[in-house]
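Enquirer: Got a predicted structure plus its sequence, pasted below:
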Amino acid sequence: MNTQLHPSIQTPSRGGDNPHPVLPRRGGRNAGFETVENVRAGIGGSFPARRFMQAATRACGVLILFLIATARPALSQSKPEETKTPALKEFTNSLGMKFVLIPAGEFMMGDDEWENNKPHQVRITKPFYMQAMLVTQAQYTKVMGRNPSSHKDGDETKSPVDSISWNTAQEFVKKLNADPEEQRAGRTYRLPTDAEREYSCRAGTKTKFWYGNEPDPKKMNFVGSGIGKPSPVDAYPPNPWGLHDMHGNLYQACEDAYDKLFAQTGPKDDPLNKEGEFRVTKGGGFGDIPRRCQAAFRGREATLASPGLARSYFGLRVACNAPAAK
């Protein structure tokens, strides 16, 4: 079949530089030409292909604006999370007392070996700081102006203060909180609760001691160590959370009043018993048998400590509230 081109479409001769027919642009014969190839590609002219490309471009622009607008609420919602400042993992206060952050969590408190602390689930709902080492004689003297220790034959900057009653421990905390530098830092000190003390001691482990079920004289100062007196606060390795002397060396008072059944009958979340004649002391001492240095040990009925009782094997460790993330 014979197909003739429109007179306005010029076909170059064979062998020319342009193998494609050219079309006149709008505006008359002298307005110039564009190739059929360009029309098919949507370039140049006012043919349908060009109009299609322009419409598609506008549609893409509208879609991009829509996606940006819908993404803004999600971005604004996530922004507070990005700007929160987490609590420090550790800090050293103005007196040189080092504290490590203890995370919130849940653990199995107690042990079948102890009638006053049978296994039960406990949840610590807020992170807090625990002193990494026992309070030294030098630190205590800076706060209280005196050193009541029975053992004063060592370096006061390394030797733990001893002969501390629960009442004396509370006086120390009160004066530490009144220190101007600590107030400017926004810190609030206190004694750890019975549950916090055991939770920190275990540091995620489930054994009688943080390192296992058998006593080890290389891990703690107890009667089997043969030392017979308090050891320096950094003499033994820390547990997995960075805490020294969580077993042995010196007993440490807790905030709780003692109640034989409170550990099992108290609340699951952040238990704290305030009613009772005696106080909970934990950790064991340098002259104790191994079982009294266990994580779950919280005192014997025959040797419970009254608030005013001070012994040469009673030391001190304090906790600090962790500030809320900002």
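Expert: Cool, got the structure. Keep in mind that what you see is a predicted model, and the values were worked out from it rather than measured. Numbers count the residues shown, from 1 in each chain.

Enquirer: In the stretch 201-326 of the chain, mark out all the strands, start to finish.
Expert: 251-257, 279-282, 314-315, 319-321 (DSSP state E, counting those that start in this stretch).

Enquirer: ok, the nearest residue to Asp270 once chain neighbours are set aside - how many residues close by?
Expert: Distances taken as Cβ to Cβ, 6 or more residues apart in numbering put Thr125 closest to Asp270, at 5.5 Å, once the chain neighbours are dropped. All C-beta atoms are positioned from the backbone trio N, CA, C, and that covers glycine. Residues near Thr125, counting by other Cβ atoms under 10 Å, number 10.

Enquirer: quick one: Thr125 and Pro180, what's the gap?
Expert: For Thr125, the distance to Pro180 equals 31 Å [Cβ to Cβ, to the nearest Å].

Enquirer: pLDDT of stretch 92-106, averaged?
Expert: Taken as a whole, stretch 92-106 has an average pLDDT of 98.

Enquirer: Next, the buried residues of that stretch.
Expert: 93, 95, 97, 99-102 (16 or more other Cβ atoms under 10 Å).

Enquirer: tell me which of the residues you listed is nearest to Leu309?
Expert: Met97 (24.4 Å; Cβ to Cβ).

Enquirer: my guess is the closest one contacts Ala138, does it?
Expert: No - in this structure Met97 lies outside contact range of Ala138 using Cβ atoms under 8 Å: 10.5 Å.

Enquirer: ok, now which ones touch the residue nearest the centre of the chain?
Expert: The centre of the chain sits closest to Pro103, judged by Cα atoms, centre = their mean, with a distance of 4.9 Å. By Cβ atoms under 8 Å, 6 or more residues apart in numbering, the contact list for Pro103 reads Pro127.

Enquirer: Recalculate using a threshold of 10 Å.
Expert: 87, 89, 124, 126-128, 199, 204, 241, 322 (Cβ atoms under 10 Å, 6 or more residues apart in numbering).

Enquirer: before we move on, what about Ala195?
Expert: Contact analysis of Ala195 by Cβ under 10 Å, 6+ apart lists 107, 109-110, 122-124, 254-256, 263, 266-273, 280.

Enquirer: Select only the buried ones of the residues you listed in PyMOL?
Expert: Listed next is the PyMOL selection for buried residues among these, using 16+ other Cβ under 10 Å:
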select buried, resi 107+109+110+122+123+124+254+255+256+263+266+271+273+280
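
Enquirer: ok so, going back, okay if I get the contacts of Pro103 as TSV plus pLDDT and distance to Leu304?
Expert: Listed next are these as TSV, based on pLDDT from 0 to 100; distance: Cβ to Cβ, whole Å:
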residue	pLDDT	distance to Leu304
Ala87	74	35
Lys89	94	36
Ile124	98	25
Lys126	97	29
Pro127	97	31
Phe128	98	26
Tyr199	98	22
Gly204	97	29
Trp241	98	28
Ala322	93	31
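
Enquirer: Which ones among those residues map onto strands?
Expert: Counting by DSSP state E, the contacts of Pro103 place 124, 128 in strands.

Enquirer: Quick one: buried ones out of the contacts of Pro103?
Expert: By 16+ other Cβ under 10 Å, the contacts of Pro103 give 87, 124, 127-128, 199, 241, 322 as buried.

Enquirer: now for the residues you listed, which pair is the farthest apart?
Expert: Ala87 and Tyr199 (17.0 Å).

Enquirer: Show me the helices in the stretch 151-300 of the chain, by range?
Expert: 166-178, 180-184, 194-202, 262-265 (DSSP state H, counting those that start in this stretch).

Enquirer: Between strand 251-257 and the first one, find me the angle.
Expert: What that stands for is helix 166-178. Taking axes from the mean of the first three to the mean of the last three Cα atoms, to 10 degrees, one finds helix 166-178 and strand 251-257 inclined to each other by 90 degrees.

Enquirer: and helix 166-178, average pLDDT?
Expert: Averaged across helix 166-178, the pLDDT comes to 98.

Enquirer: Please name every helix or strand in contact with that helix.
Expert: helix 137-144, helix 180-184, strand 189-190, strand 251-257, strand 279-282, strand 314-315, strand 319-321 (3 or more Cβ pairs under 10 Å, 6 or more residues apart in numbering; DSSP states H and E).

Enquirer: Centre of the chain to the fifth one, how far?
Expert: On the basis of Cα atoms, centre = their mean, to the nearest Å, strand 279-282 sits 27 Å off its chain's mean C-alpha point.

Enquirer: circling back to that earlier point, most widely separated two among the buried residues of stretch 92-106?
Expert: Largest separation among the buried residues of stretch 92-106 by Cβ to Cβ: Leu95 and Ile102, giving 20.0 Å.
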